[in-house]
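S.K.: Okay, structure incoming, though there's no sequence with it:
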């Protein structure tokens, strides 16, 4: 809450409001929360306030009534009767009390041989959004003095929207420069009691930038953020703390653009760990799939496909059909293998005989998943996820910013895609994304190993292949707790 502060010189008198900060340092006050004469607070005063004061007094050289406006910042511990009012400009604290809807504080401040004494009393609304009241004030410099009152009305500002977390978005040019997607980890912090800033990481698919650092700010429900060199600047609004939308400008190496964007905050969850299977993990482990009785994985170092039994023993292998296999899935009694160099998907028998193949729609196919006689394919250059028929024709697609170090971890549980992000950004570290079939909803899970390499689906559970544990398959069961 703002306090009234009067200041008089011999030629000029004005009543000044200072931004104040009410802390939870209740031990510095004279009152006790146990005072039986005090009732529980009707509201928590914490937040920022717009203040209007109408002053009346008998100080010379001042015309009354005199109106001033200002802003106050408040921090107030829930259910506490006591608070401390802090004048930032003069490093001076005052004691305050709230009992039911009544608010009061008083104290004196001496500076430059002048003394101001303030005694405020007022009422807070039950909703905690408005404070009204009167402050009695006096001023003296030892030889002269004056006094007066101020009628105060304070209105609480809306709290800055909470955008902490992982954000997935899409951008659309209005100047004919296409569309794309972006991904961001946002860390929201408040400084100087009121200024809310954003830091973090951002990847923008389809636009060139010089770095992945993110900077920005939030004011109530409005926000702006940009990449390291401000090549792409996003501004817009937040609704329900989870939906973001607005416009952008782009300026990078003589290329300019503008357009619109929309984004959402991902939910977070975690896995419970179940059965673990040890196996001799190759250094080139990529991708994983399950055929109902065996696991299959790619070893990119020797360019072979391996089959494991459920005890972790290799019982079959064959040469990959292309020079750079990146994705692997099982469906319709065949293995389907994506090759990034050949930009193709091969349909092979369990012994490695190629039954069919087709060109991929993107230039860098990586992950593959199979379900309901359809294939899902990720592309790290196009930053898209494609849904294909078994001949390679596109049934649908959506933009999705691929992880920076993406090794082909993709699987489908019949309802959602699961994609592995191997890039070790801290926080929150390596992640698994649960994605709906349009890319409009994502749940983020933590990964229980340092070198995840592949994902596979078995019934309702996910299997994760890990390299750093000497080779381990971990069965993961979804639950709705937050990220560990």
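M.R.: Thanks, I have it. None of the values given here were measured: they were computed from a predicted structure. Residues are numbered from 1 along each chain as shown.
S.K.: pLDDT weak spots in the chain?
M.R.: 1-36, 87-91, 191-195, 404-408, 424-428, 469, 479-484 (pLDDT under 70).
S.K.: Give me the most central residue, it.
M.R.: residue 165 (2.0 Å; CA atoms, centre = their mean).
S.K.: Tell me what that residue is bridged to.
M.R.: Beta-bridge partners for residue 165, by DSSP bridges, are residue 186.
S.K.: Looks like it contacts residue 265 (just checking).
M.R.: Yes: contact criterion CB atoms under 8 Å: residue 165 and residue 265 qualify, at 4.8 Å. Quick note: C-beta positions are derived from backbone N, CA and C, even for glycine.
S.K.: elements contacting the helix or strand hosting residue 336?
M.R.: Using DSSP states H and E, residue 336 sits in strand 334-339. For strand 334-339, the contact count by 3 or more CB pairs under 8 Å, 6 or more residues apart in numbering; DSSP states H and E identifies strand 325-331, strand 344-348, strand 365-371 as packing neighbours.
S.K.: Touching it from outside, list them.
M.R.: Outside strand 334-339, the residues that touch it by CB atoms under 8 Å, 6 or more residues apart in numbering are 289, 296, 298, 305, 320-330, 344-350, 355, 360, 365-368, 370, 375, 377, 408.
S.K.: May I have the strands that pair with that strand, each with its orientation?
M.R.: strand 325-331 (antiparallel), strand 344-348 (antiparallel).
S.K.: Which residues are in contact with the residue nearest to the centre of the chain?
M.R.: Per CB under 8 Å, 6+ apart, neighbours of residue 165: 185, 186, 265, 266, 268.
S.K.: again, 10 Å this time
M.R.: Counting by CB atoms under 10 Å, 6 or more residues apart in numbering, residue 165 makes contact with 184-188, 200, 241-242, 265-268, 428, 444, 483.
S.K.: For the chain, identify the residue most remote from the centre.
M.R.: What lies farthest from the middle of the chain is residue 143; by CA atoms, centre = their mean that is 57.9 Å.
S.K.: With residue 114 as the reference, measure out to it.
M.R.: 11 Å (CB to CB, to the nearest Å).
S.K.: How about residue 452?
M.R.: As for residue 452, its distance to residue 114 is 67 Å (criterion: CB to CB).
S.K.: what do you get for residue 181?
M.R.: Distance from residue 181 to residue 114, counting by CB to CB: 60 Å.
S.K.: For those two, work out which one has more neighbours and name it.
M.R.: Neighbours were counted for residue 181 and for residue 114 using other CB atoms under 10 Å; residue 181 has more, 22 against 16.
S.K.: wait, isn't the more buried one in contact with residue 264?
M.R.: No: using CB atoms under 10 Å, residue 181 is not in contact with residue 264; the gap is 11.9 Å.
S.K.: Report all helices and strands that the host helix or strand of residue 245 contacts.
M.R.: Residue 245 belongs to strand 243-252 when assigned by DSSP H and E. Here strand 243-252 touches strand 165-173, strand 179-191, strand 222-226, strand 232-239, strand 255-265, going by 3 or more CB pairs under 10 Å, 6 or more residues apart in numbering; DSSP states H and E.
S.K.: what's the shortest one in contact with?
M.R.: Outside strand 222-226, the residues within contact range by CB under 10 Å, 6+ apart are 160-161, 163, 167, 184, 186, 188, 196-200, 202, 204, 209, 213-218, 232-238, 244, 246, 248-249.
S.K.: and these, which are buried?
M.R.: Taking 16 or more other CB atoms under 10 Å as the criterion, what is buried in those is 160-161, 163, 167, 184, 186, 188, 196, 198, 200, 202, 204, 209, 214, 216, 218, 232-234, 236, 238, 244, 246, 248.
S.K.: ok so, going back, could you report the separation of the residue nearest to the centre of the chain from residue 244?
M.R.: Taking CB to CB, one finds residue 165 at 11 Å from residue 244.
S.K.: list residues touching both of these two?
M.R.: Shared contacts of residue 165 and residue 244 (CB under 10 Å, 6+ apart): 184, 186, 265.
S.K.: Tell me the one of those nearest residue 95?
M.R.: The closest of the shared contacts of residue 165 and residue 244 to residue 95 turns out to be residue 186 (CB to CB; 37.9 Å).
S.K.: burial count for the residue nearest to residue 395 when sequence neighbours are not counted?
M.R.: In this structure, residue 395 finds its nearest non-sequential neighbour in residue 387, 4.6 Å apart by CB to CB, 6 or more residues apart in numbering. Other residues within reach of residue 387 by the criterion other CB under 10 Å amount to 18.
S.K.: So residue 387, which state does it fall into?
M.R.: Here residue 387 is strand, with the state taken from DSSP: H, G, I helix; E, B strand; the rest coil.
S.K.: State the number of residues packed around residue 468.
M.R.: Around residue 468 there are 12 residues (other CB under 10 Å).
S.K.: Quick check: it vs residue 447, distance?
M.R.: In terms of CB to CB, residue 468 sits 11 Å off from residue 447.
S.K.: Name the residues contacting each of those two.
M.R.: Taking CB under 10 Å, 6+ apart as the criterion, residue 468 and residue 447 do not both touch any residue.
S.K.: List the contacts of the closest residue to residue 343 other than its chain neighbours.
M.R.: Sequence neighbours aside, residue 360 is the residue nearest to residue 343 in space, at 5.2 Å (criterion: CB to CB, 6+ apart). Shown in contact with residue 360 (CB under 10 Å, 6+ apart): 327, 338-340, 342-345, 366, 368, 375, 377, 379, 382, 386, 388, 392.
S.K.: Residue 169 now?
M.R.: With CB under 10 Å, 6+ apart, residue 169 has these contacts: 180-184, 202, 204, 234, 236, 244-245, 248, 261-265, 399, 401.
S.K.: let's see 8 Å
M.R.: Listed by CB under 8 Å, 6+ apart, the contact set of residue 169 reads 181, 182, 183, 184, 244, 261, 262, 263, 264.
S.K.: Quick check: the gap between it and residue 208.
M.R.: Residue 169 sits 18 Å away from residue 208, going by CB to CB.
S.K.: and if you look at residue 148?
M.R.: From residue 148 to residue 208 the distance is 62 Å (CB to CB).
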